[in-house]
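[1] The following comprises the amino acid sequence and a computationally predicted model.
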Amino acid sequence: MSTQETRDRCRYVPFITLSLTEPKPCIWITLSGCNFHCKGCFSSARDTVGELINVDELINWVQNSSRTYNNTAPLEEAIITGGEPTLDKDFLLDLVKKLKTRVAVKQITLSTNGYLLNGNYVKELKGAGLDEVKLDIKAYTNSIHQWYTGMSNRPVLEAARYLWGSKLDFRVETVLMPGIVDVEETSG
């Protein structure tokens, strides 16, 4: 990919949260757009909202904000969330790499529905500097997952296998939804 293509690759960013208080200096970067259509989604980030920004502009904003509000102390963690952050692979890889190298973030975490994570994507994310993945499995039963999100859970469950094999730190998260995703479904 050329420098011009990298510079032109953009995502909509509805909000960025910078927390400099305890337990540690942290930034949440929310990318808009999602491939799921969850019936109970509360996030405006699932739609195309926010400011269209490229990776270099985003990194500059993170650096400037961190310096302004945190002096020279490094950010301990960056959490990339959404919507769904994996929708644009090149953007995400570039963002992870530059958060690690230019901002010197110690811990980079990706919060994802996992649908697009295949073995190569996981390897590339790890190689770019990703430290942890929070994999959101909406339901373990495919028919419930499909009804709730509009998509099969098969690629998401495969993503868990790829993450396990990659030796990346990861954890599975789900939401208890009485009558839809009950305790029996989450302990399966």
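    Thanks, I have it. Numbers count the residues shown, from 1 in each chain.

[2] the strands in the protein, which residues?
    Ranges of strands in the chain, per DSSP state E, are 10-13, 15-19, 26-31, 51-54, 77-82, 107-112, 132-136, 169-173.

[3] tell me the phi and psi of the residue of the chain most remote from its centre?
    Residue farthest from the centre of the chain, counting by CA atoms, centre = their mean, is residue 179 at 27.8 Å. The phi/psi pair for residue 179 (degrees, to the nearest 10) reads phi 90, psi -10.

[4] rewinding a little: got the strands of the chain as TSV, with mean neighbour count, mean pLDDT and distance to residue 95 columns?
    Heads up, the C-betas are built off the backbone N, CA and C, glycines and all. What follows is these, written out as TSV (neighbours: other CB atoms under 10 Å; pLDDT from 0 to 100; distance: least, CB to CB, whole Å):
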stretch	mean neighbour count	mean pLDDT	distance to residue 95
strand 10-13	20	95	9
strand 15-19	14	87	12
strand 26-31	21	94	7
strand 51-54	15	96	10
strand 77-82	21	95	7
strand 107-112	22	97	9
strand 132-136	19	97	15
strand 169-173	15	94	18
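
[5] now these as a markdown table including distance to residue 185?
    Output for the strands of the chain, formatted as a markdown table (distance: least, CB to CB, whole Å):
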| stretch | distance to residue 185 |
| --- | --- |
| strand 10-13 | 32 |
| strand 15-19 | 31 |
| strand 26-31 | 27 |
| strand 51-54 | 38 |
| strand 77-82 | 24 |
| strand 107-112 | 20 |
| strand 132-136 | 14 |
| strand 169-173 | 13 |
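
[6] residues contacting the residue farthest from the centre of the chain?
    Taking CB atoms under 8 Å, 6 or more residues apart in numbering, we find residue 179 in contact with no residue.

[7] can you tell me how far it sits from residue 40?
    11 Å (CB to CB, to the nearest Å).

[8] Also residue 144?
    13 Å.
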